[in-house]
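K.L.:
coordinates only, sequence not included:
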């Protein structure tokens, strides 16, 4: 693997210039005003994939944001690897908490600091540069296809239909994704499972206008108060979600899997210190690692109502809103959970208000068997790059499209991600370690070679 390391060293300045050209495009999928940036970013990826050695690359329209498709066909190849990534990013706010401009990348302390440095432009670049090395040195023995989407951060609403329409184009033997994280820089790990996701917006309406709290307080239901009461009922004192039927399809962890999770190095005190909390809480009877990767959860993601400006304004607001989500585990179906939640909220809302529940997006969970030959190839590749055999871990995040890959294309996915908790994805001061960026390219290069041998 010394040749790939030399290639990285000799070309790193160019690699970073190309990555920075992507990062400087604020491809924020959640904001309609950035649609032109989305299109620019897709076009830039097309240029970079062609430069890296793709035979063909195009920007393909969808009902929403475009998808970049590229391919390299090797004459006589019996296998095909499909690489998935996303080029959209989360909004950068709150901007005041960034130490440098979020879309003007900087290198400090051995890290790239910028929105998208890790999630997912940096990790996508790892895939492309490994591919470039293999093509330029005549080492690629199988076909490679790429699909880079621009809606992952808003739940990939257009990608499932795209898969259905282009089944033949996307035929592959395995899918490779770098959009997950490792346990630590010195604890390489492969993600073997992801939680699903269901997400809603809740609207509570009371009086037909904001009311004077002195004239009407105590006589009229306050939508903000009612919303808080409703939300407080969703999780019981034991940490379990109270929605009837919610746990019907939840698979309990086996003793063997719980033992494997317990063997993962984990310092609870360091975990608490890193996020600035004095104590942890969650579903009783489960460890922290079990709770945040293998058990479902409920969270309020946003709340707003009434007057929030400077000073005081004594009103009973007409409306109150919340955005809430559930992380789901394999076998739970997000569409079914979405209906269960809506019915439950409607059943506990008092007659004094009107309740509206709007599902926003969701996806199912995923499990990758560690006996899969491609998983074994990834395992060997991590060991070559990091000097340690990677741990097999389930992660608490969601990539909804991974379950769609299996449902629509009938293909399993290898989650070969290189992020770290300290990378602060979705938060101010997102960053990506340069040493991990380099090792990631080594690992992906090794995967393609090892995959040919399994």
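P.N.:
Sure thing, it's come through. Bear in mind the structure is a predicted one, so any value in this text is a computation, not a measurement. Residues are numbered from 1 along each chain as shown.
K.L.:
Surely residue 313 is in contact with residue 214?
P.N.:
No - counting by CB atoms under 8 Å, residue 313 stays clear of residue 214, with 11.9 Å between them. From N, CA and C alone the C-beta is placed, and that goes for glycine too.
K.L.:
overlap in contacts of the two?
P.N.:
With contacts defined as CB atoms under 8 Å, 6 or more residues apart in numbering, no residue is shared by residue 313 and residue 214.
K.L.:
Poorly predicted segments of this protein, please.
P.N.:
For the chain, the stretches with pLDDT under 70 are 1-2.
K.L.:
and it, what are its domains?
P.N.:
Here the domain parsing of the chain from automatic domain parsing is 2-194+365-451, 196-250+296-361.
K.L.:
Need these in JSON lines (columns: mean neighbour count).
P.N.:
Below are the domains of the chain laid out as JSON lines (neighbours: other CB atoms under 10 Å):
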{"stretch": "domain 2-194+365-451", "mean neighbour count": "20"}
{"stretch": "domain 196-250+296-361", "mean neighbour count": "16"}
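K.L.:
Let me have the ones you listed in CSV, extended by distance to residue 266.
P.N.:
Formatted as CSV, those follow (distance: least, CB to CB, whole Å):
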stretch, distance to residue 266
domain 2-194+365-451, 8
domain 196-250+296-361, 18
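K.L.:
Which one of the ones you listed lies nearest to residue 282?
P.N.:
domain 196-250+296-361 (5.1 Å; CB to CB).
K.L.:
Can you give me the end-to-end span of that closest one?
P.N.:
11 Å (CA to CA, to the nearest Å).
K.L.:
again with stretch 348-358
P.N.:
End to end - CA to CA - stretch 348-358 spans 16 Å.
K.L.:
Got the phi and psi for the nearest residue to residue 213 once chain neighbours are set aside?
P.N.:
Excluding its sequence neighbours, the residue lying closest to residue 213 (CB to CB, 6 or more residues apart in numbering) is residue 314, at 4.4 Å. Here is the backbone geometry of residue 314 (degrees, to the nearest 10): phi -80, psi 90.
K.L.:
returning to what we had before: what's the closest of the domains of the chain to residue 273?
P.N.:
The closest of these to residue 273 is domain 2-194+365-451. By CB to CB, the value is 12.4 Å.
K.L.:
Distance check, the residue nearest to residue 213 against residue 51.
P.N.:
62 Å (CB to CB, to the nearest Å).
K.L.:
and what of residue 235?
P.N.:
Residue 235 is 50 Å from residue 51, by CB to CB.
K.L.:
where along the stretch 51-200 of the chain do the helices fall?
P.N.:
Ranges of helices in the stretch 51-200 of the chain, per DSSP state H, counting those that start in this stretch, are 121-136, 159-165.
K.L.:
how about those helices in a markdown table, adding distance to residue 392?
P.N.:
Shown next, in a markdown table, are those (distance: least, CB to CB, whole Å):
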| stretch | distance to residue 392 |
| --- | --- |
| helix 121-136 | 19 |
| helix 159-165 | 27 |
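K.L.:
Nearest to residue 327 among those would be which one?
P.N.:
helix 159-165 (19.8 Å).
K.L.:
residues in contact with the closest one?
P.N.:
Outside helix 159-165, the residues touching it (CB under 8 Å, 6+ apart) are 60, 62, 63, 67, 149, 151, 170, 401, 404, 405, 408, 409.
K.L.:
Residue 304: what's it in contact with?
P.N.:
Counting by CB under 8 Å, 6+ apart, residue 304 has contacts 320, 321.
K.L.:
same thing with residue 42?
P.N.:
59, 65, 66, 67, 68, 87, 148, 150.
K.L.:
One more: residue 121?
P.N.:
Contacts of residue 121 (CB under 8 Å, 6+ apart): 19, 22, 23, 87, 89.
K.L.:
measure it to residue 319 for me?
P.N.:
From residue 121 to residue 319 the distance is 38 Å (CB to CB).
K.L.:
Find the nearest non-adjacent residue to residue 110, please.
P.N.:
Counting by CB to CB, 6+ apart, residue 110 lies nearest to residue 434, which is 5.3 Å off, once chain neighbours are set aside.
K.L.:
who's in contact with that neighbour?
P.N.:
Residue 434 is in contact with 107, 110, 111, 112, counting by CB under 8 Å, 6+ apart.
K.L.:
for these, which one is nearest residue 132?
P.N.:
Closest to residue 132, out of all of the contacts of residue 434 and judged by CB to CB, is residue 112, at 18.7 Å.
K.L.:
Thought residue 15 was touching the closest one, still the case?
P.N.:
No - counting by CB under 8 Å, residue 112 sits too far from residue 15 to count as a contact (10.8 Å).
K.L.:
Can you verify residue 374 is assigned to a strand?
P.N.:
No - counting by DSSP: H, G, I helix; E, B strand; the rest coil, residue 374 is not found in a strand; it is helix.
K.L.:
Next one: it from residue 454, what distance?
P.N.:
Per CB to CB, residue 374 is found 7 Å from residue 454.
K.L.:
likewise residue 47?
P.N.:
From residue 47 to residue 454 the distance is 33 Å (CB to CB).
K.L.:
Show me the strands in the stretch 201-350 of the chain, by range?
P.N.:
Under the criterion DSSP state E, counting those that start in this stretch, the stretch 201-350 of the chain contains strands at 211-212, 297-305, 315-316, 319-328.
K.L.:
closest to residue 249 out of those?
P.N.:
Residue 249 lies closest to strand 319-328 among the strands of the stretch 201-350 of the chain, at 9.2 Å (CB to CB).
K.L.:
and the closest one, how far out from the chain's middle?
P.N.:
Relative to its parent chain, strand 319-328 has a centroid offset of 18 Å by CA atoms, centre = their mean, to the nearest Å.
K.L.:
can you check stretch 435-453 too?
P.N.:
With CA atoms, centre = their mean, you get 21 Å for stretch 435-453.
K.L.:
who's in contact with residue 317?
P.N.:
Residue 317 touches 206, 210, 222, 223, 224, 305, 306, 307, counting by CB under 8 Å, 6+ apart.
K.L.:
Tabulate these (CSV), appending distance to residue 55.
P.N.:
Formatted as CSV, the contacts of residue 317 follow (distance: CB to CB, whole Å):
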residue, distance to residue 55
206, 61
210, 61
222, 63
223, 58
224, 58
305, 55
306, 58
307, 59
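K.L.:
closest to residue 140 among these?
P.N.:
For the contacts of residue 317, the nearest to residue 140 is residue 305 (56.2 Å; CB to CB).
K.L.:
In space, what's closest to that closest one - neighbours in sequence excluded?
P.N.:
Nearest non-adjacent residue to residue 305, counting by CB to CB, 6+ apart: residue 320, 3.6 Å away.
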